[in-house]
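Enquirer: sequence below, structure please.
(chains A and B)
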Amino acid sequence: MRYPRALNKARPTWVNREMKPRKASLHEIERIYRAKAGGFLRLALATTGEIERARDALQEGFADAIRSLGTFRGTGSLEAWLARCVLNAARDSYRPTELNGDAPSTQGSSEPSSEGAQAVVREAIMQLPRRQREAVFLRYYLDLDYRSIAEALGMETGTVSATLHAAKAALAEVLQEAER
Amino acid sequence: MSKGLLNETLDILAPTQEEVSSWETILARAGIEIPAPVRRPLWKRTWVIVLVVLVVALVPLAAIGSEQGWLFLDHGKVMPGMPKPVSEILEVKSGSWSGHDWKLAAYRALVRRGGVGAGIDGLCYLLQSADGDQGLCAPIPPWHAGASSESSTPESVTYIGGSFNNSAGAPDKTGWLFGMVRNNVAEVDIHFEDGRVIDAPTFAAPEALAAPVRFYGVELSDYRMYLTISKLVGLDAQGQIAACSADPAESSKTCS
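Expert: All right, here's what the predicted structure looks like:
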């Protein structure tokens, strides 16, 4: 796809990810979208709990990223930055009805007892602290590495492993309690 | 906590979706107007396509046509087996013998020695009559060049011979002999096995043929009397031998 020059201006490529910040281009965003839109949509769906909201959050997240292209610092992963945009849009989409910031209800959450262990785990996931929950989502739906998860959630890379470990431990505990 | 259980749960929580918003929807939401691609005017693109098709089609066609002589270079129909003309088929002379009309025609052609190899510049001539065409082709060089050493080559004086048919389609007695010779030959002496000699004056070739040759032709009142030609000797205006066709292996058929 051909874009206006201002949106697609050649940017210096980074030789060293740590040392050479770079600007993203619309082409790069398009490439990521075409490759992983499904994963981003699942991230939004898990966050919002409703498919239409998820679609809206996906569109809004990427649209916002495009509009804010100039603010991408280029010191991290573009994919992580896009995930952050989608997560922000997804959170915004349920804020009006979830004013306390807790997890949204999910599509299948109305009948948890009929789904046994999976229903318990699902409920447990949604009850996790937001950062733990979103770390799990980013890891599973987008297959992001720890560094990218950290960038997307605005945390230190070293804490991602602990966050994910804590999430799994909490889920295991919930599951064990359910089995008793 | 089983990893499989967690994965299954996450799949259920947010199953894979078949339908995802198009990239164009995202752009529109972002307020990005995608300029229409700069397209060349239709006539220009059509012209290019037509040109490409023509080139692709005509290159092999021209090669085949040139090789087989049916394209571009075909200036007329000639009898099967004769090289295709590369010039107009020109009338050299016409006449009527014993009630049989005839026309001697000639044209330029690429001639292969022995029917093989690359074609070289040559001439073909043919006698056209109600009975059909008969013709012969020969390369132009070197036999017309005038060197004395070439005067005894078989191609120095060429000929075709035959007879006309009667109304029933059977050969009648009227025979004919035509030939081509270098342009300094004024007369061709046709020697037969039985010792008889017929003198045939030469006549000029059409200028458009652009070849240094002359032609000759005679009527044979009874062709059966002249079955075997011994040799053909071309004499110049001074009566000197300027061309000759004889079998050099037989000393009795030398041109001297």
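Enquirer: please tell me how far the residue in chain A positioned nearest to chain B sits from residue B:52.
Expert: Taking CB to the nearest CB, chain B has its nearest neighbour within chain A at residue A:172, 3.2 Å off. Any C-beta I mention is one placed from the backbone N, CA and C, and that applies to glycine too. Going from residue A:172 to residue B:52 by CB to CB, to the nearest Å gives 67 Å.
Enquirer: who has more neighbours out of these two?
Expert: Between residue A:172 and residue B:52, residue A:172 has the larger neighbour count (other CB atoms under 10 Å in any protein chain shown), namely 16 against 10.
Enquirer: element containing the residue nearest to residue A:86 when sequence neighbours are not counted?
Expert: Distances taken as CB to CB, 6 or more residues apart in numbering or on different chains place residue A:61 nearest to residue A:86, at 3.3 Å, with adjacent residues excluded. Secondary-structure element containing residue A:61, defined by DSSP states H and E: helix A:51-67.
Enquirer: for residue B:211, give its distance to residue B:204.
Expert: 11 Å.
Enquirer: neighbour-wise, which of the two wins?
Expert: Just comparing residue B:211 and residue B:204: by other CB under 10 Å the higher neighbour count belongs to residue B:211, 20 against 12.
Enquirer: so what's that one up against?
Expert: B:108, B:123, B:140, B:144, B:205 (CB atoms under 8 Å, 6 or more residues apart in numbering or on different chains).
Enquirer: report pLDDT for it.
Expert: Residue B:211 carries a pLDDT value of 86.
Enquirer: just read off the phi/psi values of it.
Expert: phi -140, psi 140 (degrees, to the nearest 10).
Enquirer: how long is stretch B:7-20 from one end to the other?
Expert: Distance across stretch B:7-20, first residue to last, is 22 Å (CA to CA, to the nearest Å).
Enquirer: any idea which helix or strand carries residue B:101?
Expert: strand B:100-111.
Enquirer: so what secondary structure elements neighbour whatever helix or strand comes next after that strand?
Expert: Scanning forward in sequence from strand B:100-111 by DSSP H and E, the next helix or strand is strand B:120-129. Where contact means 3 or more CB pairs under 8 Å, 6 or more residues apart in numbering or on different chains; DSSP states H and E, strand B:120-129 is packed against strand B:100-111, strand B:132-139, strand B:157-165, strand B:171-182, strand B:213-220.
Enquirer: name the strands paired with strand B:120-129 and say parallel or antiparallel.
Expert: strand B:100-111 (antiparallel), strand B:132-139 (antiparallel) (DSSP bridges).
Enquirer: helix, strand or coil for residue B:239?
Expert: With DSSP: H, G, I helix; E, B strand; the rest coil as the basis, residue B:239 sits in coil.
Enquirer: just to revisit the earlier point, for the contacts of residue B:211, which one is nearest chain A?
Expert: Distances from chain A to those, taken by CB to the nearest CB, are shortest for residue B:108, at 58.1 Å.
Enquirer: so residue B:81 belongs to a strand, correct?
Expert: No: per three-state DSSP, residue B:81 lies outside any strand segment and is coil.
Enquirer: need the contacts of residue B:211 in JSON lines with distance to residue A:153, neighbour count and pLDDT, can you?
Expert: Formatted as JSON lines, the contacts of residue B:211 follow (distance: CB to CB, whole Å; neighbours: other CB atoms under 10 Å in any protein chain shown; pLDDT from 0 to 100):
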{"residue": "B:108", "distance to residue A:153": "89", "neighbour count": "24", "pLDDT": "89"}
{"residue": "B:123", "distance to residue A:153": "94", "neighbour count": "25", "pLDDT": "87"}
{"residue": "B:140", "distance to residue A:153": "93", "neighbour count": "19", "pLDDT": "74"}
{"residue": "B:144", "distance to residue A:153": "99", "neighbour count": "24", "pLDDT": "46"}
{"residue": "B:205", "distance to residue A:153": "100", "neighbour count": "22", "pLDDT": "91"}
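Enquirer: may I ask which two of the residues you listed are separated the most?
Expert: B:108 and B:144 (13.5 Å; CB to CB).
Enquirer: count the neighbours of the closest residue to residue B:222 other than its chain neighbours for me.
Expert: Setting aside the residues directly before and after it, residue B:222 is nearest to residue B:173 in space (CB to CB, 6+ apart), at 4.6 Å. Residues lying near residue B:173 (other CB under 10 Å) number 14.
Enquirer: next: residue A:26.
Expert: Residue A:26 has 21 nearby residues by other CB under 10 Å.
Enquirer: for the one 3 residues further on, same thing?
Expert: Here the neighbour count serves as a burial measure; for residue A:29 (other CB under 10 Å) it reads 25.
Enquirer: again, but for residue A:177
Expert: 10.
Enquirer: what of residue B:171?
Expert: Residue B:171: 14 neighbours (other CB under 10 Å).
Enquirer: ok, the closest residue to it other than its chain neighbours - contacts?
Expert: Spatial nearest neighbour of residue B:171, excluding adjacent residues (CB to CB, 6+ apart): residue B:163 at 4.7 Å. Counting by CB under 8 Å, 6+ apart, residue B:163 touches B:171-176, B:220, B:223.
Enquirer: per-residue pLDDT, residue B:163?
Expert: Here the pLDDT value assigned to residue B:163 is 81.
Enquirer: hmm, back to that, from the contacts of residue B:163, which would you call buried?
Expert: B:172, B:174-176, B:220, B:223 (16 or more other CB atoms under 10 Å in any protein chain shown).
Enquirer: ok, so of these, who is nearest chain A?
Expert: For those, with chain A as the reference and CB to the nearest CB as the criterion, the closest is residue B:176, at 78.7 Å.
Enquirer: and the pLDDT at that closest one?
Expert: 86.
Enquirer: worst mean pLDDT among the strands paired with strand B:120-129?
Expert: strand B:132-139 (a mean of 81).
Enquirer: just want the angle from that one to strand B:213-220.
Expert: Strand B:132-139 runs at 140 degrees relative to strand B:213-220, counting by axes from the mean of the first three to the mean of the last three CA atoms, to 10 degrees.
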